[in-house]
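A.B. asks: How does the following fold in three dimensions:
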Amino acid sequence: MDGRASVSRLRRIGASALLLAGTPFAWADDCDPCGPYRFEGKYLHETWDVAQGGLARGVSHLEKMDLAFELDGERAFGLPALTLFARVIYDNAGSVSADLTGDAQGVSNIEAVAATRLFELWSEWSLDADRSLRVGLYDFNSEFDANATGALFINPSHGIGKDISQSGRAGPSIFPVTSFGARVRWSVAPAWSVQVAALDGVPGDPNRPTRTTVKFNSEDGALLAAEVDRRGERLRKLGIGAWYYTGHFDQFTDSVDMTGANSRHGTGGAYALAEMRLWSPDSSGDQGLATFLRVGVADREVQRFVQYFGTGLVYTGLLMKDDQLGLALARATNASPYRREQSLADVPADRSETNLELTWRLSVRDWLSVQPDLQYIFNPNTDPTIADGLALGLRVEISLKRP
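C.D. replies: Have a look, this model is predicted:
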């Protein structure tokens, strides 16, 4: 990177920090009384050095800005059942996986096409004490397949499993492009809840990936999903979910039926996840050792990755009360019809790709955290011609929160 590029990047970082410092309000649980409006701003900067293997050695920088606004209907309009929410994101065009590591699962969960877009815009109504309805531009991963313990890790597969993130014709309604949909949630018992959702099957417009677009097309079909959760103190979460697309999808050559049809109607999958507190030095449970486990399956005739397995350990409070040290593994396995199709094309494919991540998040200030990260990728993109990769990263997060 030349000097002018370095100065330009520093100016953008400084401008982002000043913008966040000037935000009028941020989420705060201790404000009394809280106003009707809440505003949260977050800025992330990552530097990655691929020191070994992959497609090429080199350094890449990623940036993301995230601004969210929430309105409390009761305080603003006297409507206690209503919440309005909007979220805008900005991403730069830095590339780690595509240009350097060459892996399929990704290295950073903020890597995306450069764009500023409206990411979420929804209203939520509390139908009664046990039911709520959310409608609008909706991030599927904000509530489905959500893993609070795994959220420490930067690898995308610990945010949402590869079996789901690969699905559909343009991916599901998750970062960086969302679609219009509706979600209903029921609290069926003190510890149990059920949620179902229906969303446009193709988020945005794949031909214009940098735009925020709500485009309904009968050929797109819909994404339908359901999840059942149990939450508690020691077993923090136990969830089982399923998803299904109603559109038409191309099949792998090995899966074409006797009629010669190369497409089929519908495709889906299922997943299960668990989060557990293993040990804590006190009754609060805020510190100590926690673990998570996540498994998922997808349609072998349509989806490349038919199985996903992820697990990890997170220790909170190693040197400070809220620093987090974590070790996690993510493994995505190819479907056999995909491998046979690749073999026919003379493109060999290994069975699976595995990512091993070691990360440590430290809060330097209430508004500033740093997170060194190390990821080793076995069989990047399941391509035997790509050497195992080693990526070293550093994430800096600015998130000023004031009542």
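A.B. asks: Just the helices from the stretch 1-150 of the chain, written as ranges.
C.D. replies: Using DSSP state H, counting those that start in this stretch, the helices of the stretch 1-150 of the chain run over residues 3-21, 73-77.
A.B. asks: Surely R340 is within a strand?
C.D. replies: No - R340 sits outside any strand when classified using DSSP: H, G, I helix; E, B strand; the rest coil, being helix.
A.B. asks: among the helices of the stretch 1-150 of the chain, which gets the worst mean confidence?
C.D. replies: Set side by side, these give their lowest mean pLDDT on helix 3-21, at a mean of 51.
A.B. asks: And the lowest mean pLDDT element among the helices and strands of this protein?
C.D. replies: Here the helix or strand of the chain ranked lowest by mean pLDDT, DSSP states H and E is helix 3-21, holding a mean of 51.
A.B. asks: Now do the strands in the stretch 201-350 of the chain.
C.D. replies: Counting by DSSP state E, counting those that start in this stretch, residue ranges of the strands within the stretch 201-350 of the chain are 222-231, 235-250, 263-279, 288-298, 305-316, 324-334.
A.B. asks: The longest one pairs with which strands, and in what direction?
C.D. replies: What that stands for is strand 263-279. Strand 263-279 has the following strand partners under DSSP bridges: strand 235-250 (antiparallel), strand 288-298 (antiparallel).
A.B. asks: What residues sit buried inside it?
C.D. replies: Along strand 263-279, these residues count as buried under the neighbour rule (16 or more other C-beta atoms under 10 Å): R264, T267, G268, G269, A270, Y271, L273, A274, E275, M276, R277. The C-beta positions use only the backbone N, C-alpha and C, and glycine is treated the same way.
A.B. asks: got it, and the last one?
C.D. replies: Buried residues in strand 324-334, counted by 16+ other C-beta under 10 Å: Q324, L325, G326, L327, A328, L329, A330, R331, A332, T333, N334.
A.B. asks: What is it packed up against?
C.D. replies: The helices and strands touching strand 324-334, judged by 3 or more C-beta pairs under 8 Å, 6 or more residues apart in numbering; DSSP states H and E, are helix 162-165, strand 305-316, strand 352-365.
A.B. asks: now with 7 Å?
C.D. replies: strand 305-316, strand 352-365 (3 or more C-beta pairs under 7 Å, 6 or more residues apart in numbering; DSSP states H and E).
A.B. asks: so what strands line up beside the first one?
C.D. replies: In this case it means strand 305-316. Counting by DSSP bridges, the strands paired with strand 305-316 are strand 288-298 (antiparallel), strand 324-334 (antiparallel).
A.B. asks: Next: the longest one.
C.D. replies: In its sheet, strand 352-365 lies beside strand 324-334 (antiparallel), strand 368-378 (antiparallel), with partners assigned from DSSP bridges.
A.B. asks: mind putting these in a markdown table, distance to F305 included?
C.D. replies: Listed next are the strands paired with strand 352-365 as a markdown table, based on distance: least, C-beta to C-beta, whole Å:
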| stretch | distance to F305 |
| --- | --- |
| strand 324-334 | 4 |
| strand 368-378 | 15 |
